[in-house]
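> Structure for this input, please:
(chains A and B)
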Number of protein chains: 2
Amino acid sequence: MDDLSFRTDLAQQLRVDSVRASDAAGSGHPTSSMSAADLLAALLDGHLRLDFGKPDDPRNDHLIFSKGHASPLYYSVLKAAGAIDDEELLTFRKFGSRLEGHPTPRVPWTDVATGSLGQGLPIGVGVALAARDLDRLRNRVWVLCGDSEMTEGSVWEALEHAGHAGLDNLVALVDVNRLGQTGETMHGWDLEVYSARFHAAGWRTLLVDGHEPEQIETAMQEATTPDGRPVVILAATKKGKGVAAVEDEPGKHGKPLPDAAEAIEELGGARDLRVEVAKPTEDAVPHTFSATGGAAPEFELGSEVATRKAYGQALTALGGRRGDVVALDGEVSNSTFSEVFREAHPERYFEMYIAEQQMLATAVGMQVRGWTPFASTFAAFLSRAYDFVRMAAVSRATLNLMGSHAGVAIGEDGPSQMGLEDLAEFRAVHGSTVLYPSDANQTVRLVELMAEQEGISYLRTSRGALPVLYAPDDADFRIGGSRTLREGDDITLIGAGVTLHEALRAAEQLSVAGIQARVIDLYSIKPVDVDAVRGAAVETQAIITAEDHWPEGGLGEAVLSALAGSGIATPVRQLAVREMPGSGSPAQLLHQAGIDAEAIAGAARKVLGR
Amino acid sequence: MDDLSFRTDLAQQLRVDSVRASDAAGSGHPTSSMSAADLLAALLDGHLRLDFGKPDDPRNDHLIFSKGHASPLYYSVLKAAGAIDDEELLTFRKFGSRLEGHPTPRVPWTDVATGSLGQGLPIGVGVALAARDLDRLRNRVWVLCGDSEMTEGSVWEALEHAGHAGLDNLVALVDVNRLGQTGETMHGWDLEVYSARFHAAGWRTLLVDGHEPEQIETAMQEATTPDGRPVVILAATKKGKGVAAVEDEPGKHGKPLPDAAEAIEELGGARDLRVEVAKPTEDAVPHTFSATGGAAPEFELGSEVATRKAYGQALTALGGRRGDVVALDGEVSNSTFSEVFREAHPERYFEMYIAEQQMLATAVGMQVRGWTPFASTFAAFLSRAYDFVRMAAVSRATLNLMGSHAGVAIGEDGPSQMGLEDLAEFRAVHGSTVLYPSDANQTVRLVELMAEQEGISYLRTSRGALPVLYAPDDADFRIGGSRTLREGDDITLIGAGVTLHEALRAAEQLSVAGIQARVIDLYSIKPVDVDAVRGAAVETQAIITAEDHWPEGGLGEAVLSALAGSGIATPVRQLAVREMPGSGSPAQLLHQAGIDAEAIAGAARKVLGR
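Presented below is the predicted three-dimensional model:
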């Protein structure tokens, strides 16, 4: 261990640079950076295998700062590794700089955005699973965690999954600096408490003084000797280590040091050490799954098929044609029909059990390594992972989500199982695509389109069987499109999923009364087909939207947004679920909610005064 | 233990009734009910203290079915206790019946809706905290959990918090029946694995065969002998216990038994046993906190105050006047200013650490016992608990949430910390109220109004200091209201929070160009002031909305919804955040997003062609 004095110097440089960057920015988290500097110095100088010149090398180790607020440390590490220069370091947090307040993938060595605590470790689990079980490489995933974030349930999901999967290519470094944002953590420096929890989840635990280079080195050597279990190094550290004015002092979170010049001097002054980080040496290329072929399923016109079932079959066929497609499910694969994929492609199916946050995190981690994940559960339960979806957008992630059991049309199970806010949720995600098919063949095509789409794509499917409306060879669907299923000049009825079928029935009823209704299948909720909506508004006297969703943020408001600014005065009447539903048959609940054919026809007659 | 044969009979009745109810419904989860029948029989007959005739008696024990899909068992328990009759039991899952597919508080003995797994135990922690630390009673909270739901991170948050708080009035019964919906759980019948995890979190763990009445009785006796720790009874059980066709068989989840008549016979036939559940005997009334007084804070016109800061002060004053008000925070109380409340009312402040799901669950649990919770964290991080918010609406809960650090206006911290989807999230919650103040005195008044409002109320606050616009004695704010701050007949500018201030500046700029802009403070986003919006649409030539939020589901779409159906053709131009922001100063980011005064004025000139 003759090189450890270099690490001590390097750690001081990381501290000094953290102080300098935060001081230049006038904000930031230097004290949270200083506690972990010794850990990172050891990692850089001897254990990380990462070619900073080739950030896309699949053999690289991954380094995820789950405590994203320690971004000054992260950027100081990048400088020490020669990935960025000192001038750029001092652009930290400035407008236009890629060195944002919390790391994002605008910096190429950054896999995912962090800053919402408790996400880095679950995503690290996903990256490690992908590396080991899909790419089949032996690179390692290092995740720096804070102690405060250990209280997030998502961290415990990660612990459980990593332990269950035996991910010995995953190393968590927990910077137990005792102090959270406002006060002491639950457990202070009691490493044994943390150790018991990791251990109970099947991890190997190594306890160190996080400012003792020899202890750290010993632990790092042990951590990099795989034994079938994920490893955590629990390091007792001091926040603000090295500067008396802030070291282990409360009230010093998230602000520059009071006197940066003095602090830098106390830390031994500015240095310009450079670490030659080891490059990956593994002579291997990532595994790929060969395409075995798989014709898209076809459903007979007029037959009744649930769109969730079509999803499962479509995804399975797509997986046959594309080896990069993987499926994840939250222990409801017989409801979402991802079980069809599991049976066909067991090596590319990942059971995430009832842990939606971990499911999302795994999907994010897999797309980091270039895979194309489709994750499914009930639409209602995706709300459990909404913060992960939000952050996935900041991560510029490309992934596909499927939420089944949308709306009151599920029937007897009641409101806890009904996705009634999912369209609002997913529309309000930056760069998202929101699709809602009304028939099985359309579902097949939309699944294919999703797989080609960048960003976060969401597919809403229905529990009940719906009549097949489109021929199997009808490929005239596109993201941002719609279909006019019935022409009419009196009024326009817009629906999707179950309400499209109700709208078609309503149009039949209206036609008996001499009212010619246009019916639009608005299967692309975001982006929405502005031309079709505006055309209908110009050419008919009123628009009725019907959606199996709360009135806010869904199909109706997407239509209103398409019309806003057009100066078209055509009234829009939004039919949606406005009272809390209970149990009942789908027909009873659609009727009670006022979104069935009778309600749509009634609204049409009322608005036309006929 | 001479009464245990009665319990065996009672358990069989609970099984038979679960089978009967599910059979009558044609759906439901009888097998998940049958595994836990012996546990519930023991609980009812000897350990539960609950006066079913007085569901509102504050001294009652609480019984929460975290595995809400075991509703057939729950309703069978209610029948055995005499709370409902057999006729009602057989209305299970039928339209109009209060016996929904998953329990809701439509049934008066049900504290909260369950059915989204992993919520009952965290909410039970909240109920237990309220009972012990606020009401100061010695009643007990019993929570029946499934083993599948133990994978939810929210459960681990509950474990940690209950252990940390030493909640020995909380007993979890975990029905380890080994089989999830689609297959075996991670840990099967390995009770030791579960035990190690509970134990690591500070719980007392008792392991039993869940079909052995003597073992259960021994454990129940131990569980009801408090020792300062929460208790879990980990019971190895068999799904579908008692009926060979389904017992411990995969593929039998969530469906009626194949042959109900045969199953009932196998279970010994229908019975009509009635348990006299013990009533609470504690001679005590709930503690109340006396009002100590507290004048609402007042802020000087023109001074600059952050609305988050006004929130903290307003809540503290309200807490002085109302002893039922409690505050919770997710370890950011110095950012949300709930720390002011903590200092003034330490007995009514609950530190929830960085565990937003547990924070929401605790708030839900506290309102179950009649308290008025206000829970706060960054707006962005409330997305972590969105499923709990969704379910709180199904629970008919009344609670108040505050999300700070809204939008790009937070500046340097970057997008991970920016609430940009919160308005969409909270608008799409049934029965919710969404408020967004733009000044400190208005914030004070809105906090007071929230405390009077039923349902889920959300207050969005800003990080930066904003000029005080309203006089301290200006009480002319109401839920569903708005304020016109500047009259004008050419165009209407609508904003809230930071964009209201930008709109006011834009109106000044426009006035120089001879354009008279009306400026509306739309502080009530839901319900929205339809009259004011429509009036503006009729009286001016165009509407510009500006919001520090994604374009979907927020202020702009609330305005569009207010206009929909009115037949008013006035164009609406929505200004919102359309590109992923980075770091920068608030002014730089508002400008980049196109929601600052310059952008608003520019949009106004463009739409008017001037």
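> Could I get the CA-only coordinates of stretch A:124-136 as CSV?
Written as CSV, here are the backbone C-alpha positions of stretch A:124-136 (Å, rounded to 0.1, in the frame of the first residue of the first chain):
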residue,chain,number,x,y,z
GLY,A,124,-27.4,0.9,-10.5
VAL,A,125,-29.1,-2.4,-9.9
GLY,A,126,-30.6,-2.1,-13.4
VAL,A,127,-27.3,-1.3,-15.0
ALA,A,128,-25.7,-4.2,-13.1
LEU,A,129,-28.4,-6.6,-14.2
ALA,A,130,-28.0,-5.5,-17.8
ALA,A,131,-24.3,-5.8,-17.7
ARG,A,132,-24.3,-9.2,-16.2
ASP,A,133,-27.4,-10.9,-17.6
LEU,A,134,-27.8,-9.2,-21.0
ASP,A,135,-24.4,-7.9,-22.1
ARG,A,136,-22.7,-10.7,-20.1
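> does chain B sit close to it?
No. Stretch A:124-136 lies out of reach of chain B by C-beta under 8 Å from any C-beta of the partner chain, never closer than 12.4 Å. The C-beta positions use only the backbone N, C-alpha and C, and glycine is treated the same way.
> Contacts for that stretch next, please.
A:58, A:62, A:64, A:66, A:111, A:137, A:139, A:141-143, A:158, A:161-162, A:165, A:167, A:169-170, A:172, A:230, A:284, A:286-287, A:289, A:326, A:347-348, A:350, A:358, A:361-366, A:368-369, A:371 (C-beta atoms under 8 Å, 6 or more residues apart in numbering or on different chains).
> ok, now how distant is residue A:92 from residue A:98?
Going from residue A:92 to residue A:98 by C-beta to C-beta, to the nearest Å gives 10 Å.
> Comparing the two, which residue is more hemmed in?
residue A:92 (27 against 17; other C-beta atoms under 10 Å in any protein chain shown).
> What confidence value was assigned to the closest residue to residue A:521 other than its chain neighbours?
Nearest residue to residue A:521 in three dimensions, chain neighbours excluded: residue A:483, at 4.3 Å (C-beta to C-beta, 6 or more residues apart in numbering or on different chains). Note on residue A:483: pLDDT of 98.
> Thought residue A:519 was touching residue A:483, still the case?
No. Shown here, residue A:483 and residue A:519 do not form a contact pair, counting by C-beta atoms under 8 Å, at 9.1 Å.
> Report how many residues lie close to the residue in chain A that chain B sits nearest to.
Of all residues in chain A, residue A:153 sits closest to chain B, at 2.4 Å by C-beta to the nearest C-beta. Neighbour count of residue A:153, defined by other C-beta under 10 Å: 29.
> what do you get for the one 4 residues further on?
By other C-beta under 10 Å, 31 other residues sit near residue A:157.
> How confident was the prediction at it?
98.
> same deal with the one 5 residues further on?
On the pLDDT scale, residue A:162 is placed at 98.
> That one against residue A:228, yeah?
No. Contact status for residue A:162 versus residue A:228: not in contact, 11.6 Å apart, counting by C-beta under 8 Å.
> quick one: which of the two has more around it?
Taking neighbours as other C-beta under 10 Å, residue A:162 and residue A:228 compare with residue A:162 leading, 31 against 9.
> would the more buried one count as being in a helix?
Yes. Applying DSSP: H, G, I helix; E, B strand; the rest coil, one finds residue A:162 inside a helix.
> which ones are touching the residue nearest to it when sequence neighbours are not counted?
Among residues not flanking residue A:162 along the chain, residue A:230 sits closest, at 4.2 Å (C-beta to C-beta, 6+ apart). Neighbour list for residue A:230: A:128, A:162, A:163, A:166, A:167, A:168, A:170, A:171, A:172, A:202, A:203, A:204 [criterion: C-beta under 8 Å, 6+ apart].
> Show me which of those residues are buried.
Buried by 16 or more other C-beta atoms under 10 Å in any protein chain shown: A:128, A:162, A:163, A:167, A:168, A:170, A:171, A:172, A:202, A:203, A:204, out of these.
> and those, which of them are in strands?
Among those, the members found in strands (DSSP state E) are A:170, A:171, A:172, A:204.
> Go through those and say which is closest to residue B:398.
Residue B:398 lies nearest to residue A:172 out of these, by C-beta to C-beta, at 39.9 Å.
> Could I get the pLDDT score of that closest one?
98.
> Beta-bridge partners for it, please?
residue A:143, residue A:232 (DSSP bridges).
> and residue A:478, how many neighbours?
So residue A:478, with other C-beta under 10 Å, has 14 neighbours.
> for the one 4 residues further on, same thing?
Other residues within reach of residue A:482 by the criterion other C-beta under 10 Å amount to 22.
> that older thread, who's more crowded, residue A:483 and residue A:519?
residue A:519 (26 against 20).
> check contacts around the closest residue to the more buried one other than its chain neighbours.
Residue nearest to residue A:519 in three dimensions, not counting chain neighbours: residue A:486, with 4.1 Å by C-beta to C-beta, 6+ apart. Residues in contact with residue A:486 (C-beta under 8 Å, 6+ apart) are A:504, A:507, A:517, A:518, A:519.
> part of a helix, is residue A:9?
Yes. Residue A:9 sits within a helix when classified using three-state DSSP.
> which residues touch it?
Residue A:9 neighbours (C-beta under 8 Å, 6+ apart): A:268, A:271, A:273.
> give me that answer again for 10 Å
Taking C-beta atoms under 10 Å, 6 or more residues apart in numbering or on different chains, we find residue A:9 in contact with A:41, A:268, A:271, A:273.
> how far away is the second one from residue B:259?
This means residue A:268. Distance from residue A:268 to residue B:259, by C-beta to C-beta: 80 Å.
> Quick check: mean pLDDT of the helix or strand harbouring residue A:121?
For residue A:121, the host element (DSSP states H and E) is helix A:120-129. Mean pLDDT, helix A:120-129: 98.
> hang on, the earlier thing: mutual contacts of residue A:162 and residue A:228, please.
In contact with both residue A:162 and residue A:228: A:168, A:202, using C-beta under 10 Å, 6+ apart.
> rewinding a little: overlap of the contact sets of residue A:92 and residue A:98?
A:75, B:583.
> Low-confidence ranges, chain A, go.
Low-confidence segments of chain A (pLDDT under 70): A:1-2.
> Do a quick rundown of the helices in the stretch 301-450 of chain A.
According to DSSP state H, counting those that start in this stretch, the stretch 301-450 of chain A carries its helices in the segments A:307-321, A:333-336, A:338-344, A:356-368, A:379-382, A:386-394, A:422-427, A:440-452.
> could you dump those to CSV with distance to residue A:574 and mean neighbour count?
Shown next, in CSV, are the helices of the stretch 301-450 of chain A (distance: least, C-beta to C-beta, whole Å; neighbours: other C-beta atoms under 10 Å in any protein chain shown):
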stretch, distance to residue A:574, mean neighbour count
helix A:307-321, 23, 25
helix A:333-336, 29, 24
helix A:338-344, 33, 22
helix A:356-368, 29, 30
helix A:379-382, 20, 29
helix A:386-394, 24, 27
helix A:422-427, 13, 30
helix A:440-452, 23, 24
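> Can I get those helices in JSON lines including distance to residue B:468?
Converted to JSON lines, these look like this (distance: least, C-beta to C-beta, whole Å):
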{"stretch": "helix A:307-321", "distance to residue B:468": "53"}
{"stretch": "helix A:333-336", "distance to residue B:468": "52"}
{"stretch": "helix A:338-344", "distance to residue B:468": "54"}
{"stretch": "helix A:356-368", "distance to residue B:468": "40"}
{"stretch": "helix A:379-382", "distance to residue B:468": "41"}
{"stretch": "helix A:386-394", "distance to residue B:468": "32"}
{"stretch": "helix A:422-427", "distance to residue B:468": "33"}
{"stretch": "helix A:440-452", "distance to residue B:468": "49"}
